[in-house]
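[1] with the sequence up front, the predicted model follows.
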Amino acid sequence: MSNNGALLNPLQISSTVREALTSTPFIDIHTHLFAPAFGSLGLWGIDELLTYHYLEAEFFRYSNTIVEGYWTLSKSEKAEAIWHTLFVENTPISEATRGVIAILQAFQLPTDHSALSEARAFFKNQKREAHMQRVLQMAGISTIVMTNDPLDPEESPLWLKGIASHNQFHAVLRLDRILCTWHDHWQAIVAQGYAVDAQASGKSVSEARRFLMDWAKRMQPVYMACSLPDTFEFPSDTLGGRLLQEAVLPTCRELGLPLSLMIGVRKHVNPRLRLGGDAVGRANLCCLENLCRDFPSNRFLASVLSRENQHELCVLARKFNNLMPFGCWWFVNNPSIVEEITRERIEMLGTSFIPQHSDARVLEQVIYKWANMRRTLAPILSENYRLLSEDGRGVTRADIQRDVTRLFRSNAESWMNLRPHT
Ligand code: RAT
Ligand code: ZN
């Protein structure tokens, strides 16, 4: 029997799991990162890391700075204020602050009170493309899936001009402005040459379909996506419900693309905090049940924001094989909750889910977010293999490698129609 086929003892299981998690390049299926051709839309470096909206929200827990005053500061002034408040005057033990420390440490930069100027000098000296490759290598990821909004005033002109594809970055056609805020954006669709109106009446739906088709041709997306409120219902006799049913779902079917639904965000509960001002609400996942049942030829990727919805999502995935749960999103992307969700998913779904995405907005965040996932997952997987061995089915190195590949590569590859990596 080859080494790969030998049964492992508990110690060997743990080290093999760690090895497989370290050596397998992951696919990051939802980020807000951009390929280099998108220029300044792609954020990187220490000032961007410090002004991440997760940290901005934490900053106001400690600082008396008036929110409106904060927004008038320059990027570097904001970064300095956050550094001083969260990293000097307080101990950075929250998940998001610890992430910055882990990044500094990964580049062997100082992590103490005086680290900011050295970090700035370091990032200033990096050449963008080479730095990007190094970061992906450090994070152990081969492939990044972007979030691309055809109605974003900064992004859409780049696509319309034509943007070179990049073999490590894949596009996603994001639909929030179409499905959730049509009233504010239908005119931008008109400006791009489509005959839609404010009520999405008449030929608006077929024009919206033509819009999606044209953008899909331009972006070659791996899926379409929308983030939805906790109050989302389907079916629904609303403008968004109609556009989803009559424009988005048929276009996804025609193109063989999955639709990713991220459910449970309560937008702008504190608008003064801007991006950091959204909260969470428990959703009624009957919407997902109805979609999966009534549209069996559509495939759905789903992530839910509320901790209380996670178990229900696993149950639904057991009922519908056109549903793929993915990631631990935003407020549930903390080690204690990731652990709980991932245990639950393995127990209920085996390896038929996608455990994590980074949601990185700033390039270097992939380093700590993926390190955290590997660290949280290693003992969980090891324990499951130990239990399996105890129950009578020994595990081999080949079993473990197959499972890790499935969780972090091939489930995503097959759902997004990506050619497997060789
Ligand atoms: O996690 C985040 O950064 C959020 O602000 C959202 O962007 C969310 O991930 C989304 O894609 O809507
Ligand atoms: Zn996101």
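    Nice, thanks for sending it over. This one's a predicted model, so the numbers in the text were calculated from it and none came from an experiment. Residues are numbered from 1 along each chain as shown. Ligands and ions are numbered 1, 2, ... in the order given.
[2] list the contacts for the residue of the stretch 151-300 of the chain found nearest ligand 1?
    Distance from ligand 1 to each residue of the stretch 151-300 of the chain (C-beta to the nearest ligand atom) is smallest for S227, at 3.7 Å. C-beta here means a position set from N, CA and C on the backbone, and glycine is covered the same way. S227 sits next to 176, 180, 262-263, 265 when contact means C-beta atoms under 8 Å, 6 or more residues apart in numbering.
[3] swap in 7 Å and give it another go.
    For S227, the contact set (C-beta atoms under 7 Å, 6 or more residues apart in numbering) comprises 176, 262, 265.
[4] most surrounded residue in those?
    Sorting those by how many neighbours each has (other C-beta atoms under 10 Å) puts V265 first, at 24 neighbours.
[5] host element of that residue?
    Counting by DSSP states H and E, the element that carries V265 is strand 259-266.
[6] which parts of the stretch 101-250 of the chain sit against ligand 1?
    Residues of the stretch 101-250 of the chain lying near ligand 1 by C-beta under 6 Å from any ligand atom: S227.
[7] show me the strands in the stretch 101-250 of the chain, by range?
    With strands called from DSSP state E, counting those that start in this stretch, the stretch 101-250 of the chain shows them at 141-145, 169-170, 173-174, 224-229.
[8] just name the most buried of these.
    Highest mean neighbour count among those (mean count of other C-beta atoms under 10 Å): strand 173-174, with a mean of 26.
[9] elements contacting that one?
    helix 204-219 (3 or more C-beta pairs under 7 Å, 6 or more residues apart in numbering; DSSP states H and E).
[10] may I have the helix it packs on as CSV, with CA atoms only?
    Provided in CSV are the C-alpha atoms of helix 204-219 (Å, rounded to 0.1, in the frame of the first residue of the first chain):
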residue,chain,number,x,y,z
SER,A,204,-38.1,47.2,-19.3
VAL,A,205,-37.8,43.6,-18.3
SER,A,206,-36.7,42.4,-21.7
GLU,A,207,-34.3,45.4,-21.8
ALA,A,208,-33.0,44.5,-18.4
ARG,A,209,-32.3,41.0,-19.8
ARG,A,210,-30.5,42.5,-22.7
PHE,A,211,-28.4,44.6,-20.3
LEU,A,212,-27.5,41.6,-18.2
MET,A,213,-26.6,39.5,-21.3
ASP,A,214,-24.4,42.3,-22.7
TRP,A,215,-22.6,42.7,-19.4
ALA,A,216,-22.2,39.0,-19.0
LYS,A,217,-20.6,38.9,-22.4
ARG,A,218,-18.3,41.8,-21.4
MET,A,219,-17.3,40.5,-17.9
